[in-house]
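**Student:** Pasted the sequence and its predicted model underneath.
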Amino acid sequence: MNSPYFFKTRFSALYYHCNVARLAVLFTFFAVWYSPAMLFTQTPAYLHFDIRDGLPSNLIYCAYQDKKGIMWFGTNNGLASYDGLRFHVYGTKDGLPDPEVLGLWEDSKERLWVANYWKPPCFIQQGTFYDSQNNSLLNKIPNTITAFNYFEDGGVMRFAGLRNKSLVIENEDPRVEEFSHVIANFKKINFDLLLLGTNSIGKYDSSGIHPILHTITPRPRAFYGSAVSGNKILYSVSGKLILFEYNYGKISIKYNQISKNLASLKNDRFSIKSVNQVLEYVH
């Protein structure tokens, strides 16, 4: 893979290559207090964790820090939490519907949603797993729904699953919305809800006709991910980074470079660092 993403959170960092078919992640975890200045001036200290420290697998698909500060890790062999001292592992015997966990998000009700590879999404609340077998909300979700990304705004939750369909939960009532193109994520800029696809950017419209604002051509062979900071949209596709700017319903390209780049993201802030040239962008 030519264009890895480099994600930073308050206590963790991920440096991963994303396989589109399985969203596989190669994981490195370390503790770091982040500031934009530190990104370029200090070298963080690394703490390496693997199965010898309590992880259920060395293959990590995702990581998330909840509101209580607990780190969660989705692997191909179960879910793990880390409180700063030890790991706790959850598997199918604990109520996890599928051992392959591809995504993790916490909603406004402090439910930790779990995106499974083989099963529809489920959630954990107060230490208990809930799925279609023991929760009326989840029982209404079609078995064909997949969820790899999550967005919540105004009490409305949206799940994107790299398909042209998405799961929407409003007032605890789920429904499925369809689009003309594959949706990888939802992000809001100003008052507009944008549909971030694998090779296009669209705008959500309540009428059901969602205009496509920009299409990446030629179509990239692989889509690795996207990030939003302010009115800037960063795409990582097929060995290059593309930086877009959104203003008044229009998309413009600010950066489009084929090279080995690193994209750093922390709380909707990102930077671009090029290995082959001197280029630093911090928003």
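**Tutor:** Great, that's in hand. All figures in this text were calculated on a predicted structure; none of them were measured in a lab.
**Student:** residue contacts, Phe179?
**Tutor:** By CB atoms under 8 Å, 6 or more residues apart in numbering, the contact list for Phe179 reads 164-166, 195, 202, 210. Backbone N, C-alpha and C define where each C-beta goes, glycine included.
**Student:** where along this protein do the helices fall?
**Tutor:** For the chain, the helices defined by DSSP state H occupy 36-41, 136-139.
**Student:** ranking these by mean pLDDT, which is last?
**Tutor:** With a mean of 44, helix 36-41 has the lowest mean pLDDT of these.
**Student:** Rounded mean pLDDT for stretch 158-169, please.
**Tutor:** Confidence over stretch 158-169 (mean pLDDT, whole number) is 92.
**Student:** What residues sit buried inside that stretch?
**Tutor:** Buried residues in stretch 158-169, counted by 16 or more other CB atoms under 10 Å: 158-163, 165-167, 169.
**Student:** check contacts around Asp153.
**Tutor:** By CB under 8 Å, 6+ apart, the residues touching Asp153 are 188, 193.
**Student:** if I look at it, how far off is Tyr64?
**Tutor:** Asp153 is 18 Å from Tyr64, where distance means CB to CB, to the nearest Å.
**Student:** just Phe87 next, same as before
**Tutor:** Separation of Phe87 from Tyr64 (CB to CB): 15 Å.
**Student:** who has more neighbours, these two?
**Tutor:** Using other CB atoms under 10 Å as the criterion, Phe87 and Tyr64 rank with Tyr64 on top: 19 against 16.
**Student:** Give the full set of residues in contact with that one.
**Tutor:** By CB under 8 Å, 6+ apart, the contact set of Tyr64 is 71-72, 104-106, 112.
**Student:** and the nearest residue to His210 once chain neighbours are set aside, what pLDDT?
**Tutor:** Using CB to CB, 6 or more residues apart in numbering and skipping the chain neighbours, the partner closest in space to His210 is Gly202 (5.0 Å). Per-residue confidence at Gly202 stands at 97 (pLDDT).
**Student:** With that, I have no additional questions.
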